[in-house]
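In: take a look and give me a structure for this.
(one chain, ligands or ions: 2)
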Amino acid sequence: MIDFKELVLASHNAGKLKELQAMLGDAVRVRSIGEFSSVEPEETGLSFVENAILKARNAARISGLPALADDSGLAVDALGGAPGIYSARYADGQGDAANNAKLLAALRDVPDAERGAQFVCALALVRHADDPLPILCEGLWHGSILHEARGEHGFGYDPLFWVPETECSSAELPAEQKNRLSHRARAMALLLQRLGL
Ligand SMILES: O=P(O)(O)OP(=O)(O)OP(=O)(O)OC[C@H]1O[C@@H](n2cnc3c(O)ncnc32)[C@H](O)[C@@H]1O
Ligand SMILES: [Mg+2]
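Out: Numbering: from 1, shown residues only. Ligands and ions are numbered 1, 2, ... in the order given. Just a heads-up that it's a prediction; the model follows:
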């Protein structure tokens, strides 16, 4: 059980922030790293977990508050797990539309049966910048990659991610439903359990 009333969310991604805030609800008062700095730390880790810890430490250092970071991405089977930790930078920082276009092009000749993919989320919570024992929780969401974009909700790769259990893309799911099913929802459920919230 951790004793704090306030934490900073270490993300500069508006879509992610909205989802994390909705999932945390009233459990704790949430601030955003954007209140303290607009500089994004370089994500130099080789894993989701390393990058999540790095972002959380950076936010705790800047804000003086406990910090929660999310490092996430899309791992596509036919691409050997790419774009993975490089999901945000897949099209060299040109943004979501360019990332999605690049993914569709990479999978142009890949048949339906081989288009499996998973969204991955690693959450890291540090009590302070030098916390020697970050709390780490992970979540996976299995699906496959569509041949064209569908839906308007969510962010990032959501329009291309087919969710078998709901038979629609994750961008076609209302926010409440994505927030119950997603990789981020699964990781957050574990985190809230760990925190006794
Ligand atoms: O690092 P922060 O500041 O949190 O923001 P970011 O967008 O750079 O976040 P990541 O480094 O974790 O990269 C994750 C990328 O993976 C994709 N992604 C992660 N979760 C997603 C989701 O729920 N739906 C769609 N795409 C997602 C999306 O392209 C994100 O930009
Ligand atoms: Mg990032």
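In: max-length helix in the protein?
Out: Counting residues, the longest helix found in the chain (DSSP state H) is helix 48-63.
In: quick check: buried residues in that helix?
Out: 48-63 (16 or more other C-beta atoms under 10 Å). Heads up, the C-betas are built off the backbone N, CA and C, glycines and all.
In: and stretch 21-39, is it in reach of ligand 1?
Out: No: in terms of C-beta under 6 Å from any ligand atom, no part of stretch 21-39 sits within range of ligand 1; the closest distance is 7.8 Å.
In: could I get that stretch in CSV with only the CA atoms?
Out: What follows is stretch 21-39, C-alpha atoms only, in CSV (Å, rounded to 0.1, in the frame of the first residue of the first chain):
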residue,chain,number,x,y,z
GLN,A,21,-7.1,9.7,-16.1
ALA,A,22,-10.4,7.9,-16.8
MET,A,23,-9.0,4.7,-15.4
LEU,A,24,-7.6,6.3,-12.2
GLY,A,25,-11.0,8.0,-11.6
ASP,A,26,-11.1,9.6,-8.1
ALA,A,27,-8.5,7.2,-6.7
VAL,A,28,-5.8,9.8,-6.6
ARG,A,29,-5.4,13.5,-7.6
VAL,A,30,-3.7,13.5,-11.0
ARG,A,31,-1.4,16.2,-12.4
SER,A,32,0.0,16.1,-15.9
ILE,A,33,3.7,16.5,-16.7
GLY,A,34,2.7,19.2,-19.2
GLU,A,35,2.1,21.5,-16.2
PHE,A,36,5.8,21.2,-15.4
SER,A,37,7.7,20.8,-18.7
SER,A,38,7.1,20.4,-22.4
VAL,A,39,10.4,18.6,-23.0
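In: what subset of the buried residues of helix 48-63 is also close to ligand 1?
Out: Of the buried residues of helix 48-63, the ones that also sit near ligand 1 (C-beta under 6 Å from any ligand atom) are Lys55.
In: just give me the closest of the buried residues of helix 48-63 to Ala10.
Out: Ala59 (3.4 Å; C-beta to C-beta).
In: these two touch, right, the closest one and Gly34?
Out: No: with contacts counted by C-beta atoms under 8 Å, Ala59 stays clear of Gly34, the gap being 10.3 Å.
In: which outside residues touch stretch 186-197?
Out: Here stretch 186-197 makes contact (C-beta atoms under 8 Å, 6 or more residues apart in numbering) with 1-2, 20, 23-24, 27-28, 68, 70, 121-123, 125, 135, 137-141.
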